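Enquirer: Okay, sequence plus prediction incoming.
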Amino acid sequence: MPESFSVDGVDHVELYVSDWDEAAEWYERVLGLSTDEEFVQWWTAGDGPLVL
């Protein structure tokens with residue numbers, strides 16, 4: 001059996017989704033995350049990542 005481990009932090013996670021609005025709503029509802037206003041122009045322009 002593998003040794004146990006702990007995570008001190010996460011730098012980033014990249015997931016590809018087909019509907020950014022639906023994904024943002026899910027991440028907020030389920031995980032309590034919200035969009036990072038500093039990068040919201042990437043998401044609304046449709047040519048960059050959704051940063052939460």
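Expert: That came in fine, so what should we check first?
Enquirer: mean confidence for the helix or strand hosting W26?
Expert: According to DSSP states H and E, W26 maps onto helix 20-26. Across helix 20-26, the average pLDDT comes to 88.
Enquirer: Name the surrounding residues that touch whichever helix or strand comes after it.
Expert: Following helix 20-26 in sequence order, the next helix or strand is helix 40-45 (DSSP H and E). Applying CB atoms under 8 Å, 6 or more residues apart in numbering, the set of residues contacting helix 40-45 from outside is W20, A24, T35, G48, P49, L50, V51. In this view, the C-beta of every residue, glycine as well, is placed from N, C-alpha and C.
Enquirer: Just checking, which helix or strand of the protein averages the lowest pLDDT?
Expert: helix 40-45 (a mean of 75; mean pLDDT, DSSP states H and E).
Enquirer: hmm, back to that, just give me how far the helix holding W26 sits from the chain centre.
Expert: A distance of 9 Å separates the centroid of the chain from that of helix 20-26, by CA atoms, centre = their mean, to the nearest Å.
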